[in-house]
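*Asks:* Need a 3D model of the sequence below.
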Amino acid sequence: MRSTPPRFPIGLALGLLCVLLPLAAIWSYQQGYWSIPSLLPAQRFDVLIQAGHENRATGKTGAESRQGSEQQWTPIVADTAARILKNAGFTVKRVDAFMRDPAKSGGLRPAKTRLALFIHFDGAERACSSGASVGYSRRSDPLAAEQWKRFYDSYWPHEWMQDNFTENLRRYYGYRWVDASDAEMVLELGELTCPRQARWLKPRLEKLGELVAQYASTRLCQPGGPAPPLSPRCGN
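*Replies:* Sure thing, here's the model as predicted:
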């Protein structure tokens with residue numbers, strides 16, 4: 001008499017799928033392989049610019065020193081960059097720490113864009129142990145980071161840290177709220193808690209905004225190329 005092999009219970013298989021699929025979705029979301037905005041219909045902007053820590057009253061409110069604070073400095077850089085890019089014909093979404101219009105309230109708001117730039121200044125418990133750096137997620141384009149470093153290094157006279165040197169740079173919360181078709185990056189423009197870096201940075205905040213705008217224009221119009229003077233959108 002031929003014996004039949006035992007069958008794997010269909011109910012058990014379905015139960016495992018119901019458990020494993022959500023776990024896989026959560027894991028891939030945390031790793032940055034997909035984002036909430038990618039599932040939602042929305043207008044896509046050329047550039048999204050966030051002023052790091054802006055409007056946060058509790059929690060991670062940013063670095064502070066005698067020269068100033070991140071909450072004071074990042075909006076100056078972000079506003080300058082946004083204004084220049086808009087004047088050049090780019091569509092720009094300027095957001096605060098909650099991914100919303102800085103003048104409005106509400107929860108985190110997803111967005112779609114080509115390029116997402118999150119403006120920050122680093123803070124360190126041991127002064128002058130940090131410097132400028134760039135962070136990016138798994139979905140971003142590392143060549144965009146290299147292009148930014150080459151561009152900013154021609155102006156920045158102080159130290160650099162390696163890419164993604166902290167976990168927060170690699171897994172920045174903002175990445176999950178942005179669907180960026182080109183790149184999404186945290187730009188740490190220097191260490192605010194280092195006196196010599198802060199003294200250099202403070203009078204140049206608007207200039208930094210100009211540099212961010214020039215980089216964004218170059219990245220969108222001439223990927224990998226040298227940074228020309230900012231011109232109307234891609235020469236149109």
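*Asks:* and L117, what is it in contact with?
*Replies:* By Cβ atoms under 8 Å, 6 or more residues apart in numbering, L117 lies in contact with V47, L48, I49, Q50, A81, E184, M185, L187, V212, A216. For every residue, glycine as well, the C-beta is placed using N, CA and C.
*Asks:* mind running it again at 10 Å?
*Replies:* Contact partners of L117, counting by Cβ atoms under 10 Å, 6 or more residues apart in numbering, are 47-50, 77-78, 81, 144, 148, 180, 183-187, 212-213, 215-216, 219.
*Asks:* Would you double-check that it falls in a strand?
*Replies:* Yes - checked against DSSP: H, G, I helix; E, B strand; the rest coil, L117 lies within a strand.
*Asks:* Spell out the secondary structure type for V77.
*Replies:* helix.
*Asks:* Test my guess that it contacts L187.
*Replies:* Yes - taking contacts as Cβ atoms under 10 Å, V77 lies within contact range of L187: 8.9 Å.
*Asks:* what is in contact with the two at once?
*Replies:* Among the neighbours of V77, those also in contact with L187 (Cβ under 10 Å, 6+ apart) are I49, G52, L117, I119, H120, F121, L208, L211, V212.
*Asks:* Among those, which lie within helices?
*Replies:* Among the shared contacts of V77 and L187, the members falling in helices (DSSP state H) are L208, L211, V212.
*Asks:* quick one: which of these is nearest N87?
*Replies:* The nearest member of those to N87, counting by Cβ to Cβ, is V212 at 14.1 Å.
*Asks:* Give me the buried entries from the contacts of L117.
*Replies:* Buried by 16 or more other Cβ atoms under 10 Å: 47-50, 77-78, 81, 144, 148, 180, 183-187, 212-213, 215-216, 219, out of the contacts of L117.
*Asks:* Packing partners of the strand ranked longest in the chain?
*Replies:* Scanning the chain for the strand with the most residues, using DSSP state E, yields strand 178-191. Contacts defined by 3 or more Cβ pairs under 10 Å, 6 or more residues apart in numbering; DSSP states H and E place strand 178-191 against strand 44-51, helix 70-87, strand 111-122, strand 133-136, helix 142-153, helix 167-170, helix 195-201, helix 205-221.
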